[in-house]
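In: After the sequence you'll find the predicted model.
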Amino acid sequence: MPKEKLEKIAREYVVSLFPVATMIDAFAGPMEKRVGARCSVIIVLENNAVTYYVWPSDWARPIKPWWQK
Amino acid sequence: MAKIKSNSKFLENVYKEIEKLGKQQAAATKPFVKRAHAYSNQELNFHYQNFIASNTELYSFGLILSLLDFQETTFISDELHAILKKNKADKYFNILTSSWRDTFNKQQEIAILKMLPPITKNKKLVSLFKKEDSAKLEIYLKKREKKIWKIISDHTRRYVWVHYVYEGPAGDEAYFIDILKDYIRRGINSAKELAKYKEAKKTLRIKQEEIIRRLEINNYEKNIIGVARDFVFFKAYRRELQTWSYYQMEFLLKEIAKRLHLSMKQARMMLPEEVRLALRTGKVNYNLLNERLKLVVYGYKPERFYLVGKPADDFTKKEIKAEEKIKKVNKLSGEVASPGKAKGEVVIINAPEDMKKMKAGNILVSFSTNPNLMPAIRQAAAIVTDEGGLTCHAAIVSRELGIPCVVGTKIATQVLKDGDKVEVDAERGVVRKL
């Protein structure tokens, strides 16, 4: 099976890790505990913008059942 | 949503936590504005680490709202739309998602309206506000109109942080003078606007109840309408409470940067453990920080990692799905966030420094708007964004200001460029190149 690639979910104007990294820490830490599944987000900071990426299969688990049940 | 369905108090608890933690964080960072310079290195580190922990916790509640309505995952907007569509009641989306509470930004706008009468009753002042730039006005007001200057200074002190977002700049007197100038130029009648605001506040709940009574909906759908209303408020309010503390944190960061001989940009690129080490030993990896300023990848897989330089470049090439190549298009589609039509020249505005390009009547195109773009937003004939659902900043603000707005086009900033002439049809959610 081909390796799953990260997909873009959002982009906004931010030029540094502070304070956006705390958002990524929240997704990976307390949020994972709260929703009971991995829902980590990867950010790429370049050209004065931050782009948020996720592995779709990770997010399908916490979000879709949460929404559709 | 399962949690919302099974436990109607679930989101109420999230809202309570956001308010409690957000207010605590704003209060905890307040002393930094005046006292950061007097802290020892140990104290600077203590406050910095506390902030990181507190902000992570606040995000962990705030992001629940983002998961439910975040640019590509517009569950709440979609669910409410489906309910309204079924009842042929789409036009009530705006009124049903209007909150009973005012955000800080709304409070600030009301305060500006209240500042207008002493200026507009003085013909000379009106003329100066229309003609002069804010720097000249500032000098004049300080010298000749001390009472007006005091009102503006008090307002600035109170709302200095309100459009700061992540990194500022904070609003100074000139910034708020510019807003006043815009209101005066547009001939805003403050008494009329304030009366409209009071009337809308008084009748909003009654109107919402009337609409809900007329719709054929079950208890779950009724609950979703309530959720959507509070949701729009708390999405904005959470960001505002964080914005407030980010502004106050700037003073702590400035002090850290000064002691470590760093620029603010470099200081903002440090990780918490690096701040701890640097404040204890004075050791800073300047090259690494400079690399991060060019490109950094940060995340968890499952352990935390960050990459710079070639590894970061390789990661973005190998691990990220390439975005589809955009064909040359003359027509874009998105969601109608605020109805209306407008024609004009495109100006791409993503950051505060882009706002100098903006002229009244331009079409503001952005990947997503933020409160720090408000001066440009106010001048826009229409707004078009790549990202965003119906509860995003551009959507909320455009509805408040009555500016046509199309959100979620995905590619507007890539296919349009400064100076392009376009027609925004925010009745159909279409943007056409002319």
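Out: Thanks, I have the structure now.
In: alpha carbons only for contacts and neighbour counts from here, please
Out: Fine.
In: Just the C-alpha atoms of stretch B:256-263, please, in CSV.
Out: Backbone C-alpha positions of stretch B:256-263 (Å, rounded to 0.1, in the frame of the first residue of the first chain) are rendered in CSV as follows:
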residue,chain,number,x,y,z
ILE,B,256,14.0,37.5,26.9
ALA,B,257,15.2,38.6,23.4
LYS,B,258,17.1,41.5,24.9
ARG,B,259,19.0,39.4,27.5
LEU,B,260,19.9,36.7,24.9
HIS,B,261,20.9,39.3,22.2
LEU,B,262,18.2,38.0,19.8
SER,B,263,15.8,39.8,17.5
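In: wait, does it contact chain A?
Out: No: applying C-alpha under 8 Å from any C-alpha of the partner chain, one finds stretch B:256-263 out of contact with chain A, separated by at least 12.2 Å.
In: number of nearby residues for the residue lying closest to residue B:221 once chain neighbours are set aside?
Out: Distance criterion C-alpha to C-alpha, 6 or more residues apart in numbering or on different chains; nearest residue to residue B:221, sequence neighbours excluded, is residue B:83 at 6.9 Å. Close neighbours of residue B:83, defined as other C-alpha atoms under 10 Å in any protein chain shown, add up to 20.
In: What of residue A:57?
Out: Close neighbours of residue A:57, defined as other C-alpha under 10 Å, add up to 13.
In: what about it, helix or strand, and which?
Out: Using DSSP states H and E, the element containing residue A:57 is helix A:56-68.
In: For the residue nearest to residue B:221, report the pLDDT, please.
Out: If you check residue B:83, the pLDDT there is 84.
In: Output the contacting helices and strands for the helix or strand containing it.
Out: Counting by DSSP H and E, the secondary-structure element that holds residue B:83 is helix B:75-86. Contact here means 3 or more C-alpha pairs under 8 Å, 6 or more residues apart in numbering or on different chains; DSSP states H and E; on that basis helix B:75-86 packs against helix B:93-96, helix B:219-259.
In: quick one: contacts of the first one?
Out: Right, helix B:93-96. Contacts of helix B:93-96 from elsewhere in the structure, counted by C-alpha atoms under 8 Å, 6 or more residues apart in numbering or on different chains, are B:80-81, B:84, B:204, B:208, B:225, B:228-229, B:399.
In: do the same with stretch B:370-378
Out: Under C-alpha under 8 Å, 6+ apart, the answer for stretch B:370-378 is B:162-165, B:168-169, B:178-179, B:182, B:351-352, B:355, B:358-359, B:364, B:383, B:393-394, B:401.
In: Go through those residues and flag which are in helices.
Out: Those of these mapping onto helices are B:178-179, B:182, B:393-394, B:401, per DSSP state H.
In: I'd like to know which of these are buried.
Out: With burial judged by 16 or more other C-alpha atoms under 10 Å in any protein chain shown, the buried subset of the ones in helices among the contacts of stretch B:370-378 is B:178-179, B:182, B:393-394.
In: can you give me the strands in the chain?
Out: By default, I'm working from chain A. Taking DSSP state E as the criterion, chain A contains strands spanning A:7-13, A:42-46, A:49-54.
In: meant chain B, my bad for not saying
Out: For chain B, the strands identified by DSSP E occupy B:295-300, B:304-308, B:331-333, B:335-338, B:341-348, B:363-366, B:382-385, B:405-407, B:421-425, B:430-433, in order along the chain.
In: Deepest-packed of the ones you listed, please.
Out: When these are scored by mean count of other C-alpha atoms under 10 Å in any protein chain shown, the highest mean neighbour count falls to strand B:405-407 (a mean of 34).
In: which sections of chain A are below the confidence cut-off?
Out: Counting by pLDDT under 70, chain A has low-confidence residues at A:1, A:35, A:60-69.
In: one more time with 80
Out: Of all residues in chain A, those with pLDDT under 80 make up the ranges A:1-2, A:31-39, A:58-69.
In: Up against chain B, what does it have?
Out: Taking C-alpha under 8 Å from any C-alpha, the part of chain A that reaches chain B is made up of A:5-19, A:21-28, A:30-31, A:40-47, A:53, A:63, A:65-69.
In: Can you flag the buried ones in those residues?
Out: Neighbour-count burial (16+ other C-alpha under 10 Å) is assigned, among the residues of chain A next to chain B, to A:5-19, A:21-28, A:30-31, A:40-46, A:53, A:63, A:66.
In: Setting aside sequence neighbours, what's the nearest residue to the spatially most central residue of chain A?
Out: For chain A, the residue nearest the mean C-alpha position is residue A:41 (2.1 Å; C-alpha atoms, centre = their mean). With C-alpha to C-alpha, 6+ apart as the criterion, residue A:41 has its nearest non-adjacent residue at 5.1 Å, and that residue is residue A:54.
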